[in-house]
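Visitor: Curious how this folds, go ahead:
(2 chains)
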Amino acid sequence: MEQAHTLFDKIWDRHIVVQQPDSPGLLYIDLHLVHEVTSPQAFEGLRRRGLRVRRPDLTVATMDHSTPTGQLELPLVDQLAERQIRQLETNCREFGIRLYDMQSPERGIVHVIGPELGLTQPGMTIVCGDSHTSTHGAFGALAFGIGTSEVEHVLATQCLLQNRPKTFQVNFQGRLRDGVTSKDMILALIAQIGIAGGTGHVIEYSGDAVRLLDMEARMTLCNMTIEAGARAGMVAPDDTTYEYLAGRPSAPQGAAWEVALRYWRSLPTDPGARFDRTLDLDVSGLEPMITYGTNPGMGIPITQPVPRPESMTEPSHKAALEKALRYMELQPGRPLLEHPIEVVFIGSCTNARISDLRQAAGVLRGRQVAPGTRLLVVPGSEAVRRQAEAEGLDRIFREAGGDWRYAGCSMCIAMNGDQLQPGEYAISTSNRNFEGRQGAGGRTFLASPLTAAASAIFGRITDPRTLL
Amino acid sequence: MQPFHTLTSHLILLPYQDVDTDQIIPARYLKVTDKAGLAEGLFASWRYQADGSPNPDFPFNSPEARIAQFLLTGDNFGCGSSREHAPWALQSWGIRAVISTSFADIFRNNALKNGLLPVQVSAQNLARLFHLVESHPGAQVTIDLPSQSVTIPGGTRIPFPIDPFNKTCLVEGLDQLGYLLRFEAEITAYEHSRRSFAGVAESS
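Guide: Numbers count the residues shown, from 1 in each chain, chains lettered A, B, ... in the order given. You can find the predicted model right below:
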């Protein structure tokens, strides 16, 4: 009998070009996504060495991090951002790379448009100079974030030097209750294993609870895998994956589709394949999750109180919790429910796809954002924006008193002017609650679109199940 | 890349765990198109007070920090985003090695690509180094990459691991892209063996 392999093993083994002893392997990259912030120094490196881009046909660029969400026209008020955007245009022109620029109807957050355009496909190796590249693993691809030196390596050689990571299976069993989403699943996982719990590993998500998720919910799950420290998150492809992909502009068509499908169907982990680590989690009792601290692992079920430092056995954990609670100005032992918030951000590569906006709009329909609370809704791509407008979701957000914007990373990373003021509290559907992440001095509670929308109505942290 | 052999220096003690790349260099400093001047943004939110004046309690504002080339810090250093601006900013300040019990994967990769040495020690040895700097802020240690050890005052040697490939690159100052480019023929052969790149990674 042939040896049983995991989904990860199958993709890794097919993409190793050279493996020498005592050296990292040369891993071939099928799709390289590029954005304005982490690429300029890489293109400059190519120029210095007189190198070209080896496979411009496997390279796709967009602008998302420093782009404004209030206008699509250049010039920008922020001259540094403007220069970075212009530099990407110049680099793509010079090296022959397809670019979705400010005027492009396909532009959006890199991890939203890859799947949308059908660029992201099962069995691929995908990289980008962005840690949330793990998102694309939802399709059964091996996708991970890289630094700018590695961006230059891939531009020049279409390969990366990589040591084989370990494998980690997370098996989600049971059925999610109403008001609980894949955002809550991933926040619960990170709270359990910690933000370094996945270091050195690629996680494969399996189990009934994952099979029941649609593609967008799977993307949310894989997106935040990096917040558990793992290199990548993956979900084996199935009919849900193929249905999502069929007919997308860059997906194979006709006979090529049939060939692709045969390959994709060979990818799921074989029965009996071994992982370096496994974990079983039952989601049937899961509640909406929310973070209270300054990293994504500091999360609790929304009905629970903020942990007490004295409950921590490890002195370094106690110190970390005390530091986080000082920054957040939160009382240990008190519930987060009813805590006031000034800003609600619905957006980011984690939760700004059409299903996320539908969920948020479902809560906000016919209701008003609380006085003194600012709601910012930023679609993940221009295609998501058009779809939402066609469905009238923009009207629901606007009539509720929210702000409806053009696509981009926006307040998730706060590079483009969308940011918190010092001391402000935000509930956010994004992925990081690090100190100052959403603006210097700002304080972030991470949660699902349902929880964020419910909280907007009261200007306080609210359990969305009370509104369903 | 600047080679790393043996270096003796002061340490800056940043006694926190899980220091993320948003703290190492906040996103507002990422709008550059080169690598120059990133030291200005290094730990900017911690180094400066709200009025823009230096925070006297922050370790990077101590007299030793100006000349220290080693950073000593808690578990899981460099978690979060993939920004290579984090090692660039540390190097721009003058840091040549970071000592911790563990590093986030992408940060470690980025550091190694730039000749910034991640020195991974046991929790017990980290505690010993923390104690050393807390009790003797002017203490110096020697990091010897060829023998993979940190020597502390008194002569005790603390070992650290590093894979043979990255060790060679760092000791010899080898550029990894140069190494990759040597495999041009193998990469071309691999590309020819592939039926398609449109999502079908099937060997023919």
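Visitor: I figured A:Pro307 hits A:Ile300, correct?
Guide: Yes - here A:Pro307 lies in contact with A:Ile300, judged by Cβ atoms under 8 Å, at a distance of 7.1 Å. All C-beta atoms are positioned from the backbone trio N, CA, C, and that covers glycine.
Visitor: what number of residues lie near the closest residue to chain B within the stretch 151-300 of chain A?
Guide: Of all residues in the stretch 151-300 of chain A, the one sitting closest to chain B is A:Ala196 (4.2 Å; Cβ to the nearest Cβ). Other residues near A:Ala196 come to 22 when the count uses other Cβ atoms under 10 Å in any protein chain shown.
Visitor: do the same with A:Leu446
Guide: By other Cβ under 10 Å, 30 other residues sit near A:Leu446.
Visitor: returning to that earlier point: quick one, what contacts the residue of the stretch 151-300 of chain A closest to chain B?
Guide: A:228-229, B:18, B:75-76, B:79, B:102, B:104 (Cβ atoms under 8 Å, 6 or more residues apart in numbering or on different chains).
Visitor: Tabulate those residues in JSON lines, adding columns for secondary structure.
Guide: Putting these into JSON lines (DSSP: H, G, I helix; E, B strand; the rest coil) gives the following:
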{"residue": "A:Ala228", "secondary structure": "helix"}
{"residue": "A:Gly229", "secondary structure": "coil"}
{"residue": "B:Asp18", "secondary structure": "coil"}
{"residue": "B:Asp75", "secondary structure": "coil"}
{"residue": "B:Asn76", "secondary structure": "coil"}
{"residue": "B:Cys79", "secondary structure": "strand"}
{"residue": "B:Ser102", "secondary structure": "coil"}
{"residue": "B:Ala104", "secondary structure": "coil"}
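Visitor: Check those against A:Asp282 and report the nearest one.
Guide: Closest approach to A:Asp282 among these (Cβ to Cβ): A:Ala228, at 18.3 Å.
Visitor: check contacts around that closest one.
Guide: Taking Cβ under 8 Å, 6+ apart, we find A:Ala228 in contact with A:186, A:189-190, A:193-198, A:203, A:297.
Visitor: run the last query once more with 6 Å
Guide: Contact partners of A:Ala228, counting by Cβ atoms under 6 Å, 6 or more residues apart in numbering or on different chains, are A:190, A:193, A:197-198.
Visitor: Any quick ChimeraX command for the buried ones out of those residues?
Guide: Typed into ChimeraX, the line below selects the buried ones among those, using 16 or more other Cβ atoms under 10 Å in any protein chain shown:
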select /A:190,193,197,198
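Visitor: Farthest pair within the contacts of A:Ala228?
Guide: Top of the distance list for the contacts of A:Ala228 (Cβ to Cβ): A:Ile190 and A:Gly198, 8.7 Å.
Visitor: before we move on, the earlier item: if you rank the contacts of A:Ala196 by neighbours, which is first?
Guide: Each of these was scored for neighbours by other Cβ under 10 Å, and B:Cys79 scores highest at 32 neighbours.
Visitor: Quick one: residues contacting that one.
Guide: Counting by Cβ under 6 Å, 6+ apart, B:Cys79 makes contact with A:195, B:18, B:20, B:104.
Visitor: do A:Pro335 as well
Guide: A:Pro335 neighbours (Cβ under 6 Å, 6+ apart): A:Pro305.
Visitor: What's the separation between it and chain B?
Guide: Noted for A:Pro335: a distance of 25 Å to chain B, by Cβ to the nearest Cβ, to the nearest Å.
Visitor: so what's that residue scoring on pLDDT?
Guide: Turning to A:Pro335, the model gives it a pLDDT of 95.
Visitor: bridging residues for it?
Guide: Counting by DSSP bridges, A:Pro335 is bridged to A:Pro305.
Visitor: how close does it sit to A:Pro301?
Guide: Distance, A:Pro335 to A:Pro301, using Cβ to Cβ, to the nearest Å: 11 Å.
Visitor: after the helix or strand hosting A:Ile190 comes which helix or strand?
Guide: Following DSSP states H and E, one finds A:Ile190 within helix A:182-193. Remark: after helix A:182-193, the chain's next helix or strand is strand A:201-206, criterion DSSP H and E.
Visitor: before we move on, back to that, okay if I get the contacts of A:Ala196 as CSV plus distance to A:Pro340 and pLDDT?
Guide: Output for these, formatted as CSV (distance: Cβ to Cβ, whole Å; pLDDT from 0 to 100):
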residue, distance to A:Pro340, pLDDT
A:Ala228, 30, 98
A:Gly229, 32, 98
B:Asp18, 27, 98
B:Asp75, 33, 97
B:Asn76, 31, 98
B:Cys79, 29, 98
B:Ser102, 37, 98
B:Ala104, 33, 98
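Visitor: any idea of the mean pLDDT in the longest helix seen in chain A?
Guide: In chain A, with assignment by DSSP state H, the single longest helix is helix A:79-95. The average pLDDT within helix A:79-95 is 97.
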